[in-house]
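[1] I'd like to go over a predicted model; first the sequence, then the structure.
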Amino acid sequence: MTVKIEKLLKMAEQITANMAFTGDQEVVAAKVADHLNRFWDPRMKAAIKAYGEQSPEQLSPPLQAALVQLN
């Protein structure tokens with residue numbers, strides 16, 4: 001499976017935006033991390049986590065916090 005990082009980033013940011021209804025960044029991060037842990041392939045999670053470690057400024061703050069919580 002080959003998924004470009006751009007596609008993963010777009011999907012992750014869309015998930016983050018959909019979870020942002022609470023307005024609480026900690027809750028949003030926890031919900032995003034839960035979603036990614038439950039539904040994303042381990043290779044997808046590893047790829048976006050590695051990107052987030054290299055370029056955190058490219059990610060929204062809730063997504064940055066969510067990536068720390070990935071299994």
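    Received the coordinates, thanks.

[2] counting by contacts, list what whichever strand or helix holds Ala17 packs against.
    Here Ala17 is covered by helix 5-19, with elements defined by DSSP states H and E. Other helices and strands packing on helix 5-19, by 3 or more Cβ pairs under 8 Å, 6 or more residues apart in numbering; DSSP states H and E, are helix 25-39, helix 42-54, helix 61-68. Bear in mind the C-beta positions are built from the backbone N, C-alpha and C, glycine included.

[3] please state the offset of it from the chain centre?
    Taking Cα atoms, centre = their mean, to the nearest Å, the mean C-alpha location of helix 5-19 is offset from the chain mean by 7 Å.

[4] ok so, going back, save the helices and strands packed on helix 5-19 as CSV, and put in distance to Ala17 too.
    Compiled in CSV, those are given as follows (distance: least, Cβ to Cβ, whole Å):
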stretch, distance to Ala17
helix 25-39, 9
helix 42-54, 15
helix 61-68, 9
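
[5] mind putting these in JSON lines, distance to Gln14, mean neighbour count and mean pLDDT included?
    Shown next, in JSON lines, are these (distance: least, Cβ to Cβ, whole Å; neighbours: other Cβ atoms under 10 Å; pLDDT from 0 to 100):
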{"stretch": "helix 25-39", "distance to Gln14": "10", "mean neighbour count": "17", "mean pLDDT": "97"}
{"stretch": "helix 42-54", "distance to Gln14": "13", "mean neighbour count": "15", "mean pLDDT": "96"}
{"stretch": "helix 61-68", "distance to Gln14": "10", "mean neighbour count": "20", "mean pLDDT": "97"}
